[in-house]
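**Q** The following block contains a protein sequence and its predicted model.
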Amino acid sequence: MQNFFGFIDYRKNDFSIESNVHHKKTYYYKYQEYNIFLSYTKHKESKSIDNKETLLLFNGRVSNRSFLISKLNISNNSLATIDLINQAYLVWGKDLIKYLEGDFTLIIFDKVNKYLILYKDKIGLIPLSYYFSEELIVFGSRINDFKNAPNFMPTIRIDSVANYLQFGSVIQPNTILKDCYKVKSGTSTNFDLRKKEHFNTTYWSLESEYDTKKFPLDESEIETKIITDAEALLVSAIKKSEIDHKTVSLSLSGGYDSSTIAALLKNRSDYNLETFTIGFEDDNINEAPHAKAIAAHLGTKHHEHYFTAKDVTNIIPKLSEIYDEPFSDHAAAPTLLTTEMIKAEGIEHLFIGDGGDEVFATADDVHFFNRIISLPYSIRKALINPLKNVNIEALPLLRDINNLPTKCEKLLSILSAKNIPQMTKTKIMTFREKELQSLIKGYHQPIYTTFDEIDFNGHHETVDEIIGVYFKTTMTDGELVKSYSAANHNNISIHTPFLDEKLISYMAKVPSSIKIKDGIKKYVLKEIAHTYIPKNLLDRPKSGFTVYFDSWMRNELKELVYAQVNKERLDKDDIFNSYDIIKIRDDFYNGNNNHKTRLWRIFLFQLWYENFKG
């Protein structure tokens, strides 16, 4: 497992190193102004270097070694990655990040200039968070470890609790803890240790990729060229992995994303591919037969496991230990089970299809959003404001109609949103704001997140804006968190070909009329897939890891739900108003399925918080 933790303590408190060094490499220095501690789990993808000028810790993989070696005029092609990065810092200083490609976090303590710099790669696969005050700086891959820093007192941030309940995870740059923040994707966080100041520097943004000129539609055979180029970039992304094991794994759902990667791994690489699928007894959500048929067509060694009641009771309680913050994606359980299966087979590398929707474009609501923004904001606001004063809950015939108050408020909020990022944000919200104010003690207003800082300047194609918002929010802080945490827990390295930065940059130039052609979403990706897999094996409604978590709560998990969501426990924790939470629980168990997602998120928060308290 990749895990790293460190702090800079200006108070120079006593600190027990022995309790923090088991299976770890550790550095602990005492300077006149402060003490610095850094430790990390010994792992093949975690390396450090310590010399007179710098202490440097790198976690992850660099995918452009050859470019760096050439750019730095290094004659030794076998130079270790950590030495290569150290040389890059000596030559380029803080600007080295502009030249690095791959999945990584990088921590540099500059002993000469008295700087601490925390870097996260452009996509943000590997977690990295920090706490800052004038007396203490804490940083690491898990905020749960921050409790080990001297005199650090973790406090739950109430508006982050609301953010989690709203979206199922805590969105960047926030964490669930007060005064603790995530280093944002494509960003460095810089600490001037002399001045006790810190600031963020953005070195890459997705919006800048969409600012580039689109490919001309009038160019002959442009569509064929785009499909050919995209496939070549995908193959290149796979080969960049430079895996030293011949056997790799892939989580195969039977959908286009994972099936395309499976086809390219099997036909365009030298790896031995084994595919893994989770099945369900309910035929309405079971994709295992489709995945098995695709595996048979491609000739992979295929493994499948059908999710059982025993799996539910074994795996759900584990989630609070594996996920550093409260996390409610219902696909986390089958994802964890998949990585456990892969580990049992002795395979150390997993390819996943995360990012396929966001890069190749599955964009819902395009026409709906276009119609909204075609009407000037001032006019929309004037028309909608009077409707906001209508209290549907005061109307007995309407308030209980299939969650109607929430749906009406959401629709009005979408119609009055200033831009597409805010429309998308509103669409995926689970609670109304006044519900959260009632549920959470001391909560008043939403926290500022990536949703609020995304700026496409109003001149991009609607498709790009929609997929861009999902890329920077629910994918980065949802899908990638789900996949990375489960795999890292089982010492498995994950690879995300769809999130190769050259592929992202290329697809940003593709016009939306080709990304979604004649109503066919992900048209380019599907054309690539059909080269290797018959269309009849792939062309069906998307299901993915859809699971009946409401059935779990009503059956296998009911006792555990009541153990976590009850008045005594809620009053003791003093985060929620127990009356309102219990009402959601009881309404659900009395048959109101509108509360299934609400209760699921509350339940998983309670599990997480119990584990966090220790």
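**A** Perfect, thanks for sending it. Numbering: from 1, shown residues only.

**Q** Give me the neighbour count for the residue lying closest to residue 52 once chain neighbours are set aside.
**A** Using Cβ to Cβ, 6 or more residues apart in numbering and skipping residues adjacent in sequence, the residue nearest residue 52 is residue 111, 6.9 Å away. (C-beta placed from N, C-alpha, C; glycine too.) Using other Cβ atoms under 10 Å, residue 111 is surrounded by 17 other residues.

**Q** I figured residue 111 hits residue 54, correct?
**A** Yes: using Cβ atoms under 8 Å, residue 111 is in contact with residue 54, at 6.3 Å.

**Q** So what pairs up with the closest residue in space to residue 523 that isn't next to it in sequence in the strands?
**A** For residue 523, ignoring the flanking residues on the chain, the nearest one in space by Cβ to Cβ, 6+ apart is residue 517 at 4.1 Å. On the basis of DSSP bridges, residue 517 is bridged to residue 520.

**Q** now residue 118
**A** When assigned by DSSP bridges, residue 118 has beta-bridge partners residue 107, residue 189.

**Q** Spit out the contact partners of it.
**A** 105, 106, 107, 128, 130, 139, 183, 188, 189, 190, 191 (Cβ atoms under 8 Å, 6 or more residues apart in numbering).

**Q** Closest one of those to residue 550?
**A** Nearest to residue 550 among the contacts of residue 118: residue 128, at 34.7 Å, using Cβ to Cβ.

**Q** burial count for that closest one?
**A** By other Cβ under 10 Å, 24 other residues sit near residue 128.

**Q** Go ahead and confirm it touches residue 120.
**A** Yes: Residue 128 is within contact range of residue 120, at 5.3 Å (criterion: Cβ under 8 Å).

**Q** Between these two, which contacts overlap?
**A** Joint contacts of residue 128 and residue 120 (Cβ under 8 Å, 6+ apart) are 105, 183.

**Q** For the stretch 251-400 of the chain, which segments count as helices?
**A** Under the criterion DSSP state H, counting those that start in this stretch, the stretch 251-400 of the chain carries helices at the ranges 256-268, 288-298, 309-315, 319-322, 332-344, 356-360, 366-373, 377-388, 396-399.

**Q** Pick the most deeply packed of those helices.
**A** helix 356-360 (a mean of 25; mean count of other Cβ atoms under 10 Å).

**Q** Remind me what that helix packs against, helices and strands.
**A** Counting contacts by 3 or more Cβ pairs under 8 Å, 6 or more residues apart in numbering; DSSP states H and E, helix 356-360 is packed against helix 256-268, helix 462-470, helix 501-508, helix 523-532.

**Q** what's the closest of these to residue 39?
**A** helix 501-508 (30.3 Å).

**Q** Could I get the average pLDDT for the next helix or strand along the chain from the closest one?
**A** Sequence-wise, the next helix or strand beyond helix 501-508 is helix 512-515, with elements assigned using DSSP states H and E. The average of the pLDDT scores along helix 512-515 is 94.

**Q** Could you do stretch 428-446 as well?
**A** If you average the pLDDT over stretch 428-446, you get 95.

**Q** okay, and for the stretch 251-400 of the chain, where does confidence drop off?
**A** 387-400 (pLDDT under 70).

**Q** Residue 377 contacts residue 418, correct?
**A** Yes: at 5.8 Å, residue 377 counts as touching residue 418 under the criterion of Cβ under 8 Å.

**Q** Where in the protein is the helix or strand with the lowest mean pLDDT?
**A** helix 396-399 (a mean of 55; mean pLDDT, DSSP states H and E).

**Q** what about stretch 416-424, start to end distance?
**A** 12 Å (Cα to Cα, to the nearest Å).

**Q** Okay, buried residues for that stretch please.
**A** By neighbour count with 16 or more other Cβ atoms under 10 Å, stretch 416-424 contains the buried residues 416, 417, 419, 420, 421, 422, 423, 424.

**Q** Likewise for stretch 483-492?
**A** 483, 484, 485, 486, 487, 488, 489, 490, 492.

**Q** Could I get the average pLDDT for that stretch?
**A** pLDDT averaged over stretch 483-492 gives 96.

**Q** CA-only coordinates of that stretch in PDB, if you can.
**A** Extracted C-alpha coordinates of stretch 483-492, given in PDB (Å, rounded to 0.1, in the frame of the first residue of the first chain):
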ATOM      1  CA  SER A 483     -10.800   2.700  -7.900                       C
ATOM      2  CA  TYR A 484      -7.500   3.900  -6.400                       C
ATOM      3  CA  SER A 485      -8.500   3.300  -2.700                       C
ATOM      4  CA  ALA A 486      -9.700  -0.300  -3.300                       C
ATOM      5  CA  ALA A 487      -6.700  -1.200  -5.500                       C
ATOM      6  CA  ASN A 488      -4.200   0.500  -3.200                       C
ATOM      7  CA  HIS A 489      -5.600  -1.300  -0.200                       C
ATOM      8  CA  ASN A 490      -4.700  -4.600  -2.000                       C
ATOM      9  CA  ASN A 491      -1.300  -3.400  -3.200                       C
ATOM     10  CA  ILE A 492      -2.400  -3.300  -6.800                       C
END
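
**Q** so how far is it off the chain centroid?
**A** Here stretch 483-492 is found 13 Å from its chain centre; the criterion is Cα atoms, centre = their mean, to the nearest Å.

**Q** Give me the contact list for it.
**A** 1-2, 43, 125-127, 249, 322-324, 327, 332, 335-336, 338-340, 342-343, 347-350, 352, 354, 493-494.

**Q** Show me the domain layout of the protein.
**A** 4-204, 208-361+461-538, 549-614 (automatic domain parsing).

**Q** I'd like those as a markdown table, with distance to residue 408 appended.
**A** Converted to a markdown table, those look like this (distance: least, Cβ to Cβ, whole Å):
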| stretch | distance to residue 408 |
| --- | --- |
| domain 4-204 | 18 |
| domain 208-361+461-538 | 23 |
| domain 549-614 | 14 |
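
**Q** Residue 410 is nearest to which of the ones you listed?
**A** So among the domains of the chain, domain 4-204 is nearest, using Cβ to Cβ, at 11.7 Å.

**Q** For residue 71, find the nearest of the helices and strands packed on helix 356-360.
**A** Set against residue 71 and scored by Cβ to Cβ, the helices and strands packed on helix 356-360 come closest in helix 501-508, at 16.4 Å.

**Q** by contact count, what packs against that closest one?
**A** Using 3+ Cβ pairs under 8 Å, 6+ apart as the test, helix 501-508 ends up in contact with helix 206-210, helix 222-239, helix 356-360.

**Q** Give me the angle between that helix and helix 222-239.
**A** Per axes from the mean of the first three to the mean of the last three Cα atoms, to 10 degrees, the angle that helix 501-508 makes with helix 222-239 is 160 degrees.

**Q** so which of the domains of the chain gets nearest residue 443?
**A** domain 4-204 (5.1 Å).

**Q** tell me the mean pLDDT over that closest one?
**A** Rounded mean pLDDT across domain 4-204 is 94.

**Q** just to revisit the earlier point, so which of the domains of the chain gets nearest residue 404?
**A** domain 549-614 (9.8 Å).

**Q** what's the span of that closest one, first residue to last?
**A** Taking Cα to Cα, domain 549-614 runs 26 Å from one end to the other.

**Q** ranking the contacts of residue 118 by neighbours, who comes first?
**A** Highest neighbour count within the contacts of residue 118, by other Cβ under 10 Å: residue 139, with 27 neighbours.

**Q** bridging residues for that one?
**A** Beta-bridge partners, per DSSP bridges, of residue 139: residue 6, residue 130.

**Q** Tell me which residues touch it, please.
**A** Counted by Cβ under 8 Å, 6+ apart, residue 139 has contacts 5, 6, 7, 107, 116, 118, 128, 129, 130, 131.
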